[in-house]
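Enquirer: After the sequence you'll find the predicted model.
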Amino acid sequence: QLQESGGGRVQPGGRLSLSCRGSNLHNKWFVGWFRQALGKDREFVAAISWIGGGSYYSDSVQDRFFISRDIEKNTFDLLMVKLRPEDTAVYYCAASSVGDYPRLPNDYDSWGQGTQVTVSS
């Protein structure tokens, strides 16, 4: 139901943009992004209310990552700037039917297949 695009390799301090396309997103409360580094648990990155547009972020990406959505196109994006090596991970887009600013993976019921982001010199 969700399909990511973007990702790749970038040097520290660089920027990348991820995009996610979905169907029936109008039935969801929130859409967002998670990431999973090698050997670590999947962690929340950012999310946005599909209808209201309010967004929230993890502390580690606040003021560096920016989430947006396009209701007409059924897409949502994650712009990542000032990237750091510790941002290296597989990034997943997700959609949630939970209406209370969900941050846990179990709160999201639709997932993309993941896209690799590597920050390295």
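Expert: Nice, I can see it.

Enquirer: Strand partners (parallel or antiparallel) of the host helix or strand of residue 90?
Expert: Using DSSP states H and E, residue 90 falls within strand 89-96. Next to strand 89-96 in the sheet, as set by DSSP bridges, lie strand 30-36 (antiparallel), strand 108-111 (antiparallel), strand 115-119 (antiparallel).

Enquirer: most packed of the ones you listed?
Expert: Ranked by mean neighbour count, the strands paired with strand 89-96 are led by strand 30-36 with a mean of 24 (mean count of other C-beta atoms under 10 Å). Heads up, the C-betas are built off the backbone N, CA and C, glycines and all.

Enquirer: got a list of contacts for whichever helix or strand comes after it?
Expert: For strand 30-36, the succeeding helix or strand toward the C-terminus, using DSSP H and E, is strand 43-49. With contacts defined as C-beta atoms under 8 Å, 6 or more residues apart in numbering, strand 43-49 is touched by 29-36, 54-58, 61, 65-69, 76, 78, 91, 96, 101-105.

Enquirer: which residues does residue 116 form a beta bridge with?
Expert: Counting by DSSP bridges, the residues bridging with residue 116 are residue 90.

Enquirer: wait, it sits on residue 10?
Expert: No: Residue 116 is not in contact with residue 10 according to C-beta atoms under 8 Å; the separation is 11.3 Å.
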